[in-house]
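Enquirer: Pasting the sequence and the predicted model now:
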Amino acid sequence: MIFTDKIFFIQENRWFMKYKTVTEVAEIWGVSATWVTILCSTGRISGAVKKNGRWRIPENAQKPQGSRRQPTKRCTARFTFIDLFAGIGGFHQAMRYLGGKCIMAAEINEACVETYALNFKTKEDEIRRDVNDIAPSSIESFDVLCAGFPCQPFSKAGKQKGFKDKTRGNLFYKILDIIDGHSEIKFIILENVRNLADKSENWDIICKELMQRNFYITEAPIILSPSDFGIPQIRERVYILGIRKSIRNEKILTNGYIHIEDLAIDRYFKKCKMGDAWSILEDNVSDSYNIPEEQELMINAWDELRRETRIGVIGFPLWISCFGVGIDNTDDLKISLGYESMPDWKKNFVNRNREFYLSHRAFIDNWMERYDMKNRIKLFQKFEWNCGTDVTDIHNTIIQVRQSGIRVKRPTYYPSLVAIVNTPIVWDRIKERFRYITPREAANLQNFHARFKFAGTDKEIYRQLGNSVNVRILKILGESLFSLAQEDWDGEENG
């Protein structure tokens, strides 16, 4: 027994192991696993080997010295910036926090202009509208160009024409015109949807054009989500950073690109945990945010079905149209659905729904009649439980009512806020009702400061926030980018 305990002790301390995993080394060194992987892949950990796709690191390996910059202090340099495609001011908040002064903003959406002017002591008529109408020479000197340029040419929600889009796609070239007219620009910070990085031709165009203008830019698209930083929202976006070659710190930037490790943003990484979604909620929310009675009835109806059939994990969406209610012959159902022409994944989907119905037919038939499910709109006839067994009570989940049906998710993070109105639903324990998250709670997900004011209806505000950028991510990226410049850079000369 003593010998067994000793072996267990030795194994726990891994005295007998020659190599450690990336995760183990990261914990010992007090850094992220991502950073350790980068050190391995760039040959900076002696003896590290890759086996079966995973890095193995000698247990006596030493943390490389001087391979990582120390965390920087909050940037206090005074600089000027312009805010193109400004929205409601996400870039503005981040740059102002870092010591910046906005000398020009441009936004074409009138509702956004109203909100922007309300918060930044700017008259509405002082905000430029269409970027196409702005002559580069009409902009005074500035240090930083910020632009969340239109995403529709690259978004899954659009036709994904990219730079072939003759209207919105070409707005990137308007940004280039402004850069060409301002040789004093020191930094570029651009943001767009995740899909921009999916086609290499889009990224190649951006790289080529900016590098021809003497900028070091990010070697690859930087894809980040608020959830990477402990903010409970999944919202992947592409960030493109640039620094004027002549002002770069030559000890850090040496080969024409900004590498992800140069930015050292991994020190801010933090995983979201179950329950983090509740951190952005407010108390004493108005009853006006309660969901409609029919919507709440349908949520409760589907939850009743889930509980009474004791199905636990639903590994597929439930669609009433695939149940075959009232149809005794499964072949007849398949014919009515056009089963033979379906792809295999959809056939499997139909089969599982039919099997589920037949296994619980007596209950489901009664349930259908009690809730008049056949006469409900189609989105109420679909249900997805995406919580596995991690959650058993629907009141501890996040819900969305989408065209794909009622979708229930774990309370780890919210789905991406989008410009179309598709507001997440939570259970209010004080009111004992399901309600939408409020505009203020949506603003918390985008890290807009508590004093930020909104103009317009709730529908307009949700849309404004869905089109906006995450302020905290921009603060982190801006600070990291500025720290790559020579120590004596500042924007005083541009006033």
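Expert: Done, it's in.
Enquirer: list the contacts for the spatially most central residue of the chain?
Expert: Against the mean C-alpha coordinate of the chain, by CA atoms, centre = their mean, the closest residue is Arg235 at 1.5 Å. Shown in contact with Arg235 (CB atoms under 8 Å, 6 or more residues apart in numbering): 225-227, 416-417, 470. From N, CA and C alone the C-beta is placed, and that goes for glycine too.
Enquirer: now do Asp344
Expert: Contact analysis of Asp344 by CB under 8 Å, 6+ apart lists nothing.
Enquirer: what separates it from Asn353, distance-wise?
Expert: Between Asp344 and Asn353 the computed distance is 15 Å (CB to CB, to the nearest Å).
Enquirer: And Pro58, what's its pLDDT?
Expert: As predicted, Pro58 sits at a pLDDT of 88.
Enquirer: The one 5 residues further on now?
Expert: At Lys63, the model reports a pLDDT of 84.
Enquirer: Find the nearest non-adjacent residue to it, please.
Expert: Trp29 (4.7 Å; CB to CB, 6 or more residues apart in numbering).
Enquirer: Share the number of residues neighbouring the one you found, please.
Expert: By other CB atoms under 10 Å, 15 other residues sit near Trp29.
Enquirer: Count the residues that sit near the closest residue to Gly405 other than its chain neighbours.
Expert: Using CB to CB, 6+ apart and skipping the chain neighbours, the partner closest in space to Gly405 is Lys382 (2.5 Å). When neighbours are defined as other CB under 10 Å, Lys382 has 20 of them.
Enquirer: cool, and Gly256?
Expert: Counted with other CB under 10 Å, Gly256 comes out at 11.
Enquirer: dump the residue contacts of it.
Expert: 211, 216.
Enquirer: what separates it from Leu210, distance-wise?
Expert: 11 Å.
Enquirer: Export only the CA atoms of stretch 267-274, formatted as PDB.
Expert: Only the C-alpha atoms of stretch 267-274 are listed here, as PDB (Å, rounded to 0.1, in the frame of the first residue of the first chain):
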ATOM      1  CA  ARG A 267      -1.700  38.400 -21.400                       C
ATOM      2  CA  TYR A 268      -5.300  39.600 -21.500                       C
ATOM      3  CA  PHE A 269      -6.800  36.200 -22.600                       C
ATOM      4  CA  LYS A 270      -9.400  34.800 -20.200                       C
ATOM      5  CA  LYS A 271     -11.900  32.000 -20.700                       C
ATOM      6  CA  CYS A 272     -15.600  32.500 -20.200                       C
ATOM      7  CA  LYS A 273     -17.200  30.200 -17.600                       C
ATOM      8  CA  MET A 274     -20.700  28.900 -17.100                       C
END
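Enquirer: any chance you could map the strands in the stretch 351-495 of the chain?
Expert: Along the stretch 351-495 of the chain, the stretches classed as strands by DSSP state E, counting those that start in this stretch are 382-386, 398-402, 405-409, 425-428, 433-436.
Enquirer: JSON lines for the ones you listed, including mean pLDDT?
Expert: What follows is the strands of the stretch 351-495 of the chain, written out as JSON lines (pLDDT from 0 to 100):
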{"stretch": "strand 382-386", "mean pLDDT": "93"}
{"stretch": "strand 398-402", "mean pLDDT": "93"}
{"stretch": "strand 405-409", "mean pLDDT": "94"}
{"stretch": "strand 425-428", "mean pLDDT": "96"}
{"stretch": "strand 433-436", "mean pLDDT": "96"}
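Enquirer: will you turn those into CSV that also has distance to Asp133?
Expert: Formatted as CSV, the strands of the stretch 351-495 of the chain follow (distance: least, CB to CB, whole Å):
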stretch, distance to Asp133
strand 382-386, 45
strand 398-402, 38
strand 405-409, 42
strand 425-428, 41
strand 433-436, 38
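Enquirer: ok, back up a step: please name whichever of the contacts of Arg235 scores lowest on pLDDT.
Expert: pLDDT across those is lowest for Leu417, at 81.
Enquirer: Lys101 is nearest to which of the strands of the stretch 351-495 of the chain?
Expert: Closest to Lys101 of the strands of the stretch 351-495 of the chain, according to CB to CB: strand 433-436, at 36.8 Å.
Enquirer: Identify the residues contacting that closest one?
Expert: So strand 433-436 is contacted by 285, 289-291, 295-296, 299, 399, 423-428 (CB under 8 Å, 6+ apart).
Enquirer: Pipe the residues you listed into JSON lines and attach neighbour count and distance to Leu333 per row.
Expert: What follows is those, written out as JSON lines (neighbours: other CB atoms under 10 Å; distance: CB to CB, whole Å):
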{"residue": "Val285", "neighbour count": "20", "distance to Leu333": "44"}
{"residue": "Tyr289", "neighbour count": "21", "distance to Leu333": "40"}
{"residue": "Asn290", "neighbour count": "17", "distance to Leu333": "38"}
{"residue": "Ile291", "neighbour count": "19", "distance to Leu333": "33"}
{"residue": "Gln295", "neighbour count": "18", "distance to Leu333": "29"}
{"residue": "Glu296", "neighbour count": "15", "distance to Leu333": "31"}
{"residue": "Ile299", "neighbour count": "22", "distance to Leu333": "27"}
{"residue": "Ile399", "neighbour count": "22", "distance to Leu333": "29"}
{"residue": "Thr423", "neighbour count": "22", "distance to Leu333": "35"}
{"residue": "Pro424", "neighbour count": "20", "distance to Leu333": "34"}
{"residue": "Ile425", "neighbour count": "23", "distance to Leu333": "32"}
{"residue": "Val426", "neighbour count": "24", "distance to Leu333": "37"}
{"residue": "Trp427", "neighbour count": "18", "distance to Leu333": "36"}
{"residue": "Asp428", "neighbour count": "20", "distance to Leu333": "40"}
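Enquirer: so what's Leu281 up against?
Expert: Applying CB under 8 Å, 6+ apart, the residues contacting Leu281 are 426, 437, 441.
Enquirer: Repeat the analysis, applying 7 Å as the threshold.
Expert: Under the criterion of CB atoms under 7 Å, 6 or more residues apart in numbering, the neighbours of Leu281 are 426, 441.
Enquirer: re earlier: which among the contacts of Arg235 gets closest to Ser246?
Expert: Asn470 (30.6 Å).
Enquirer: wait, the closest one sits on Leu445?
Expert: No: counting by CB atoms under 7 Å, Asn470 does not reach Leu445; the two are 8.1 Å apart.
Enquirer: Which neighbours do those two have in common?
Expert: Shared contacts of Asn470 and Leu445, counting by CB under 7 Å, 6+ apart, come down to Pro226.
Enquirer: Find me the pLDDT at Asn494, would you?
Expert: You'll see Asn494 listed with a pLDDT of 41.
Enquirer: The nearest residue to Asp458 once chain neighbours are set aside: neighbouring residues, count only.
Expert: Distances taken as CB to CB, 6+ apart place Pro439 nearest to Asp458, at 5.7 Å, with adjacent residues excluded. Neighbour count of Pro439, defined by other CB under 10 Å: 21.
Enquirer: who touches Arg352 in this structure?
Expert: Neighbour list for Arg352: Phe316 [criterion: CB under 7 Å, 6+ apart].
Enquirer: Could you give the secondary structure assignment for Ala277?
Expert: Under the three-state scheme (DSSP: H, G, I helix; E, B strand; the rest coil), Ala277 adopts helix.
Enquirer: Give me the neighbour count for it.
Expert: Applying other CB under 10 Å, I find that Ala277 has 24 neighbouring residues.
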